[in-house]
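A.B. asks: I'll drop the sequence and a predicted model, then ask my questions.
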Amino acid sequence: MPLVTPFLGAAVDEDAYAHHIEGLLAAGVGGLIAGAIAGEGPTLASAEALRLVRIATRIAGRRVPVIAATGTHCTATTIRATRDAAEAGAAAAMLVTPYYNKPSQEGLRRHFEAVARNCELPLILHNAPQRTNVSLAPETMRRLLEQPGLFALFDEDENSARSAALAQSCAERLWRIAPGCQAAFAPGIRAPRACIATLANVVPHLCARLWQKRMSGQVEEEARLAAPLIRLQQAVDLEPEPTGIKYAVSLLNPAFSPIPRLPLVEPAPASAAAIRVALAGLTIADERVRGACQGLLHA
């Protein structure tokens, strides 16, 4: 799951970050991602990003893997960041498609191949066209399968036909990672091996249970668990990620500051109210949230 990053003024709040990780591990999360968009990676200095990886790996020990989000719009910078993450103890790196400069499919292929050739960490490719304005083509994915360092694909393409074709192109070779614990499975394609659920920062045990029900085909129980989570997702999505998520975390853990780094800002009053209502609604589905949510609607 992608970790959110708490700040104390201009600095990372390392104590709150460590405490947050301990709580997530106690709740049974299966892995941690440091420095992704949920962790405000674009605003982190390289030294801060490495420090977050080191803290996460120290606390996690051998309990779960720690993945470093090291992808940037520059190939040389991505290689440097990925090598540094390996030195900091990361088990793998997640590489988003280069953003802003809109590379061609040939440029995407050469970018990922260069990182794979020059870094020893196992690599997860992150396809997020709604953020980067480029999307991996299935043929590009098939060509990338020749690189031994690649082991997984995290695809967030909102075009279902394109996403299904991309999944099909790597079905036998790579792990597929679903974007969220209630993500739809493409028919006729092997089910994902894992999911990346930003909501797990707020209710990790509920997200874990929902994923287990989904993977085991317990449709009715899955639907019961999913409904309040979907409402919470809709509420946090009223603000740019991870503004809403951080606010929700802070409601359950007052020591965790909800203030993001600029250019992100605190949630608008209407968004904050919607998040409080949705989070209070989770008390029906999850008794662990019940005590923490008392009085939430009146905050």
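C.D. replies: That came through, no problem. Owing to the predicted nature of the structure, the values given are computational and were not obtained by experimental measurement.
A.B. asks: Where does the prediction get shaky in the stretch 101-250 of the chain?
C.D. replies: 182-190 (pLDDT under 70).
A.B. asks: now the helices for it?
C.D. replies: Along the stretch 101-250 of the chain, counting by DSSP state H, counting those that start in this stretch, helices occupy 105-118, 129-132, 138-144, 160-169, 204-215, 219-236, 243-252.
A.B. asks: Just the mean pLDDT for the helix or strand following the last one, thanks.
C.D. replies: When you say that, I think you mean helix 243-252. Toward the C-terminus, helix 243-252 is succeeded by helix 269-281 as the next helix or strand (DSSP states H and E). Mean pLDDT, helix 269-281: 94.
A.B. asks: starting at the chain centroid, how far to helix 269-281?
C.D. replies: For helix 269-281, the distance from its own C-alpha centre to the chain's C-alpha centre is 22 Å (Cα atoms, centre = their mean, to the nearest Å).
A.B. asks: any idea of the angle it forms with helix 219-236?
C.D. replies: 160 degrees (axes from the mean of the first three to the mean of the last three Cα atoms, to 10 degrees).
A.B. asks: Helix 269-281 - contacts with which helices or strands?
C.D. replies: helix 219-236, helix 243-252 (3 or more Cβ pairs under 8 Å, 6 or more residues apart in numbering; DSSP states H and E). Where you see a C-beta, it was placed from the backbone N, CA and C, and this is true even at glycine.
A.B. asks: thinking again about what came up before, winner for burial among the helices of the stretch 101-250 of the chain?
C.D. replies: Mean neighbours per residue, mean count of other Cβ atoms under 10 Å, is largest over those for helix 243-252, with a mean of 23.
A.B. asks: outside of that helix, which residues touch it?
C.D. replies: By Cβ atoms under 8 Å, 6 or more residues apart in numbering, the surrounding residues in contact with helix 243-252 are 4, 6, 20, 38, 198-199, 201-202, 232, 235-239, 256-260, 264-267, 271-272, 275-276, 279, 289, 292-293, 296, 299.
A.B. asks: Of those residues, keep whichever come out buried.
C.D. replies: 4, 6, 20, 38, 198-199, 201-202, 232, 235-236, 238-239, 256-260, 264, 267, 271-272, 275-276, 279, 289, 293, 296 (16 or more other Cβ atoms under 10 Å).
A.B. asks: Turn the helices and strands packed on helix 269-281 into a markdown table, including distance to Leu144.
C.D. replies: Listed next are the helices and strands packed on helix 269-281 as a markdown table, based on distance: least, Cβ to Cβ, whole Å:
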| stretch | distance to Leu144 |
| --- | --- |
| helix 219-236 | 31 |
| helix 243-252 | 31 |
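A.B. asks: wait, which of those is closest to Gly31?
C.D. replies: Among the helices and strands packed on helix 269-281, helix 243-252 comes nearest to Gly31, with 17.4 Å by Cβ to Cβ.
A.B. asks: can you pull the alpha-carbon coordinates of that closest one into CSV?
C.D. replies: Extracted in CSV, the C-alpha atoms of helix 243-252 (Å, rounded to 0.1, in the frame of the first residue of the first chain):
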residue,chain,number,x,y,z
THR,A,243,-5.2,15.6,0.5
GLY,A,244,-8.4,13.7,1.4
ILE,A,245,-6.6,10.6,2.6
LYS,A,246,-4.3,12.6,4.9
TYR,A,247,-7.3,14.4,6.4
ALA,A,248,-9.1,11.1,7.0
VAL,A,249,-6.0,9.6,8.7
SER,A,250,-5.7,12.7,10.9
LEU,A,251,-9.3,12.2,12.1
LEU,A,252,-8.4,8.7,13.4
